[in-house]
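Engineer: Dropping the sequence and predicted coords here.
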Amino acid sequence: MRLYETTFVISTEISEEDRDALLDRVKEIVTSNGGEVVEEDRWGVKKMAYEINKQRTGFYTVLKFKGEPDLKDELERNFRIMDNILRYIIIRLDE
């Protein structure tokens, strides 16, 4: 298994309960595809460098996880279809 890190920005227009449910859904995608969540770091609401979908702030979250390369692809696919994810990036970390 490889070590990955994803940083994603969640819309601030949703409620805290919906945001927590979205974070749980992301972690569920990782675990249901044979991965393991190593670390979760919620940065909170931050001002973005530029406007995305008429929003100037977003809720930033960093998630480190272990998994196979197909897990990264599945996570990217889900990020693209989640309306409340404004931006994301997934990188592979050196062991």
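Structural biologist: Thanks, I have it. Numbering: from 1, shown residues only.

Engineer: which residues touch the host helix or strand of Asp24?
Structural biologist: Assigned by DSSP states H and E, Asp24 belongs to helix 16-32. Residues outside helix 16-32 that contact it (C-beta atoms under 8 Å, 6 or more residues apart in numbering) are 8, 10, 14, 36-37, 40, 42, 59, 61, 63, 65, 67, 71, 74-75, 78, 82, 84-85. For glycine as for every other residue, the C-beta is placed from the backbone atoms N, C-alpha and C.

Engineer: pLDDT on it, on average?
Structural biologist: Taken as a whole, helix 16-32 has an average pLDDT of 95.

Engineer: Listing partners with orientation, what would you give for the very next helix or strand once past it?
Structural biologist: Going down the chain from helix 16-32, the next helix or strand is strand 36-52, by DSSP H and E. Strand 36-52 has the following sheet partners, assigned by DSSP bridges: strand 55-67 (antiparallel).

Engineer: Tell me what angle the strand it pairs with forms with helix 16-32.
Structural biologist: Strand 55-67 and helix 16-32 are oriented at 30 degrees to each other (axes from the mean of the first three to the mean of the last three C-alpha atoms, to 10 degrees).

Engineer: Check the average confidence over strand 55-67, would you?
Structural biologist: For strand 55-67, mean pLDDT is 96.

Engineer: Please indicate which of the contacts of helix 16-32 are buried?
Structural biologist: Among these, the ones that count as buried by 16 or more other C-beta atoms under 10 Å are 8, 10, 59, 61, 63, 65, 67, 71, 74-75, 82, 84-85.

Engineer: Throw those into TSV and include distance to Ile29, thanks.
Structural biologist: TSV is the format used below for these (distance: C-beta to C-beta, whole Å):
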residue	distance to Ile29
Phe8	12
Ile10	15
Phe59	18
Thr61	14
Leu63	10
Phe65	10
Gly67	10
Leu71	8
Glu74	7
Leu75	6
Met82	10
Asn84	15
Ile85	12
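
Engineer: on that earlier part again, give me the buried positions along the helix holding Asp24.
Structural biologist: Arg19, Leu22, Leu23, Val26, Ile29, Val30.
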